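Student: fold the following for me, if possible:
(2 chains)
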Amino acid sequence: MKNNIKSRAVKLFLIFLGAMLAMTFISRMVTTEKMPVVTTEGIKESSIVHKVRCSGSLTTERQTPVFVAEGLRVAEVFVKQGGRIGKGAHLMRLDKEYIADMTAAAEKELAEFMENGSPYSGSKTPVFTESGLRVAQVCVRKGDTVYGGQVLMRLDTDYLLSHIRDMEDELAADRLSRDGMYEVEDQRSAEALSLRIDEKQRELDRYNAVYNSGGAVCSPIAGVVTDMAAGAGDMTTDQAVALVSSSPELSSGAEQLRRRIDALKEAAEHEGYINSPVGGLMTEVNLRAGDVTAETAAFIISDESSGKIFSGMVDPDEVKYISVGDKVNISFSGGKQRLKDCEVTLLTGKDGDGYRIEAAVDSDDVKPGENGEMTKSCISEERYTCLPVDTVTLSGDNRGSIFYLEETEGFLGKQYVVHTASVKIVEENDNVYAVTDFALPPDTKLVRSSSKKLAEGMKVRKA
Amino acid sequence: MKKRIAAFPVYGVMAALCAAVLFPVLLAVILPFQAEEELRDTLAPLVNFSGRYSQMDFLPQYPTIANFRELLVYSPEFYRVFWNSLLMVGTILVFQTLTAVPAAWAFARAEFRGRKLLFNIYVIFMLMPFQVTMLSQYLVIDGLGLMNRRLAVILPAVFSTFPVFLIYRGFADIPRDVADSARIDGANEWQVLRYIGLPLGKSGILSCMVICFLDLWNMVEQPLTFLRDKRLYPLSLYLPTLGAGNGVILLAAAAVTLIPAAFVFVIGQEELERGIIASALKE
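Tutor: Have a look, this model is predicted:
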C-alpha cells in the first residue's frame, strides 16, 4: 500500500515537473506576446536649428488691380495668368443682356430708395407755410433741384379766401364786442379782447400775404428738395411742408446704387468689354467664363520694370526668427529654380493669420505670378537638451510628456521598464524639441514608438 | 475501555496542537483562492500597519483561480526561480550525498588516529549557525571568484557536516561481523561500502536526503549573501521580494512552492520514519 502511494507520488511529482517545464515556455511566450515592443531614440545636447518656411508668390512692386461691378456674369475672358497685355486690350467681356437687366433693376431700386427711403444726408432747410390751408398743387418732387424762390407748391386760393373772409367776420364781431365793453366801462375785458384782436389781425395779414402771392409756397434757398411732407389735397400743419438741402449728399446706400448704375452703364457703353487700364504682366486672373463678378479685384496687372518681390505670410509663432534685412532662400517651380540670399524688405504687423513678408528677387528666370517657398535657417545661440519630435507627446502650454526606458536586472535577466516624465519645450523645429527641466542622464533612451499603449512601470522589449 | 477514556484528553490536546500547527498551512491554501478585491481587504491591515487585525472568511466569498492563472501564465519569472531552486537543491543533494556517504563510512568504520577528535570537530561545525561562518565563507567564495554564481551557494552546502552526521549513525550500527565476513570473502573497502554499507544504511541516507531537501528548498541566507543577480535567485528569495503589494501572486506562489516539498515528503516519508525510529532505537 505504502509502495503504491510512493510510486504514485513519484509519478505525480514527475508530471508536476513536466507541467512546470511546459508552463515555463508557455508563460514566456504569453508574456512576450503581451509585452509592448518599443523603438528608442537617444538625447542630444546641441544648438537647435530652426527653419522658417513660408509659401507665397512672386509679384512686382507696382501692381494695378482691375475691379469690375459686382454681380455681373462673365461671358468671355481673353487673358491668362502669366500672359502679357497691352494698355487698352480686352480683358474680358460681360454678358450684355445680364448688364441691361441688372441696370434696370438697380435703377428701379434707386428710384424706390429715393422715393421711400432717406437718400440724402447733410444739413436741410425746412419750408413752412400757414397751417390749416389746403394744398392745391405740388410743383416739385423729392430729389428735384430748385432755385431760391422757386414755387414748391400752390395752396387752394378759394379755400384761402373763404378762410380770410371768416377771419375778417370774426374780427369785426370782436371789435363790436370790445366797443360795448368800453361803453360799460369794462376796461379790463376790453383790453384783453384788444390783444386777441391784434393777434388775429396779424394772422389775417399773413393769410392775406399768402393770398396776394397767389397761394405759392416757395423755396427759400437754392438746392435739392430732399423731402415733401404734404401732397395735393392735404391740409397744412405747423410742420414743415418740405425740406430743401443747399449741399445735398447722397446717403451711402443711395450712393452705392448710383455708382453701380454708373459702372453698369459704362460697361454697357463698351458693349460689355472690360479693357486693361495699363500694360504689363497678368499676375492674377480671378475670373473665368460663366463666373459672376465679385467685390475683389478681377485682374491684377504687374509692371515688371518696377522690380520683383516675393510676397507671403509667415506664421505668428515663427516671426521671431526672421527680421527685415535677413537673407533668405526662395525656391520656385517645385525647387527647380533656387534663389539664394534674397533680402527681406518688409515684415508687416499681424494681418489675418500671420505676418506679411516681402523679399526682393533679382532674377530673370522667374516670372511674376509663380508660386514659391521661402526658407530661412537660424541656429540658436544656446545649447539645449534636444528630444526627437517622435518621442514627445504634446500636452499644451508648451509642455510635453515622454516615455523613457530604465534598464533593470530582473528575475529573467536584463529587462526594460518604461517611466514617464514631463518636459517643458522652449524651442522646436521639424525634427527636435529643445526642452528644459530635463533631469535624466544623457544616455537615457526615449521611446519613439510602441506596438501597444504604454503606461508607467510597464515592462517592454526593445525592437 | 478505561484506558481509552483516559486517553481522550491526550487526543484532545494533540488535536489542538495539530490544528495550531496546520493553521498557517490551511491559510496558505485558502488565501490564494480569494478574489483580488477580497484579498486586498484581507491584507490591508498588514500592508498599511494600521494597528488593526486582519479579518478573513475561511471560505472565500467569490473563489477564483485567477491568482494562480496570473502566477502560472503571466509570471515567467516564477518559473525561472523555481528551476533555479530545483537546480541548486538537486545539485547540492547529489554531491552532498556523494561526499557525505564515504565520509560517514570512514568515521563509522575506518580506524585511524584522531578519528573521534575529527568527528567531534564535525559535530561542532554542524552546530554552528550560518551567521557565524558567513563572513569566512564570503571571503573564501570571493577569493575563489565565485561570487554571484550558483556555485557560491552549492559548494559550501555540498560539504555540509550535517548529512555526514546523519548518515554516520546508520553506518555505525551495522554489525562489524557483517562487514568483516565480506572482507574475509575478498571484498575490498569500496565493495564493502557498495554491497554492505549502502543497502543497510539506505534508510539513513534517504532520510538525510529528505531532511536536507526540505532545508535547502527553504534556504534564504546563503543565496541572499552570495547572489546579487535576481536571475540567480531561488524561490525562497523570490517570495519576499514580491511584497504585500503583490499579494495575489505571493500567496499563489507560496502555495505552489509547497508542492515539491509535499511530494518529497510523501515519497521519502517511509525512509524518514524508518531512519528516525532506527536512530531512536539505537540511542
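Student: can you count the residues close to the residue of the stretch 301-450 of chain A found nearest chain B?
Tutor: The nearest approach of the stretch 301-450 of chain A to chain B comes at A:Phe411, 3.4 Å away (Cβ to the nearest Cβ). All C-beta atoms are positioned from the backbone trio N, CA, C, and that covers glycine. A total of 21 residues lie near A:Phe411 under the criterion other Cβ atoms under 10 Å in any protein chain shown.
Student: mind listing what it touches?
Tutor: Contact analysis of A:Phe411 by Cβ atoms under 8 Å, 6 or more residues apart in numbering or on different chains lists B:77, B:80-81, B:230-231, B:233, B:238.
Student: what's the most distant pair in the residues you listed?
Tutor: Distance extremes for the contacts of A:Phe411: the farthest pair is B:Arg231 and B:Tyr238 at 11.0 Å, using Cβ to Cβ.
Student: the more surrounded of the two?
Tutor: B:Tyr238 (23 against 16).
Student: can you confirm that one is in a helix?
Tutor: Yes. Looking at B:Tyr238 with DSSP: H, G, I helix; E, B strand; the rest coil, it is inside a helix.
Student: now do it, the pLDDT please.
Tutor: Note for B:Tyr238: predicted pLDDT of 90.
Student: near chain A, list only the ones from the contacts of A:Phe411.
Tutor: Checking those against chain A by Cβ under 8 Å from any Cβ of the partner chain, the ones in range are B:77, B:80-81, B:230-231, B:233, B:238.
Student: what's the burial count for residue 113?
Tutor: Because you didn't say which chain, this covers chain A. Around A:Phe113 there are 18 other residues, counting by other Cβ under 10 Å.
Student: oops, wrong one, chain B.
Tutor: Residues near B:Arg113, counting by other Cβ under 10 Å: 7.
Student: before we move on, what about the one 5 residues further on?
Tutor: When neighbours are counted by other Cβ under 10 Å, B:Leu118 registers 14.
Student: A strand includes A:Tyr416, no?
Tutor: Yes. Per three-state DSSP, A:Tyr416 lies within a strand segment.
Student: tell me which residues touch the residue in chain B that chain A sits nearest to, please.
Tutor: Nearest residue of chain B to chain A, counting by Cβ to the nearest Cβ: B:Glu77, 3.4 Å away. Applying Cβ under 8 Å, 6+ apart to B:Glu77 gives the contacts A:410-412, B:238.
Student: circling back to that earlier point, could you find the closest non-adjacent residue to the residue of the stretch 301-450 of chain A closest to chain B?
Tutor: Spatial nearest neighbour of A:Phe411, chain neighbours left out: B:Glu77 (3.4 Å); criterion: Cβ to Cβ, 6 or more residues apart in numbering or on different chains.
Student: contact partners for B:Gly12?
Tutor: Counting by Cβ under 8 Å, 6+ apart, B:Gly12 has no contacts.
Student: where does the chain have low pLDDT?
Tutor: I'll assume chain A. A:1-2, A:115-122, A:248-250, A:350-352 (pLDDT under 70).
Student: not quite, go with chain B.
Tutor: B:1, B:49, B:278-283.
Student: within range of chain A, give me the residues from it.
Tutor: B:72-83, B:86, B:229-231, B:233, B:238, B:259-260, B:263-264, B:266-267, B:270.
Student: apply 6 Å and report the result again.
Tutor: Within chain B, the positions adjacent to chain A are B:72-73, B:76-77, B:79-80, B:229-231, B:263, B:266-267, B:270 by Cβ under 6 Å from any Cβ of the partner chain.
Student: mind checking which of these are buried?
Tutor: B:72, B:76-77, B:79-80, B:230-231, B:263, B:266-267, B:270 (16 or more other Cβ atoms under 10 Å in any protein chain shown).
Student: just to revisit the earlier point, need the phi and psi values for the residue of the stretch 301-450 of chain A closest to chain B.
Tutor: Dihedral pair for A:Phe411: phi -70, psi -30, per degrees, to the nearest 10.
Student: what's the domain layout of chain B?
Tutor: Domain ranges of chain B: B:2-64, B:76-282, per automatic domain parsing.
Student: likewise for chain A?
Tutor: Taken from automatic domain parsing, chain A resolves into A:37-47+A:382-462, A:51-56+A:300-379, A:120-250.
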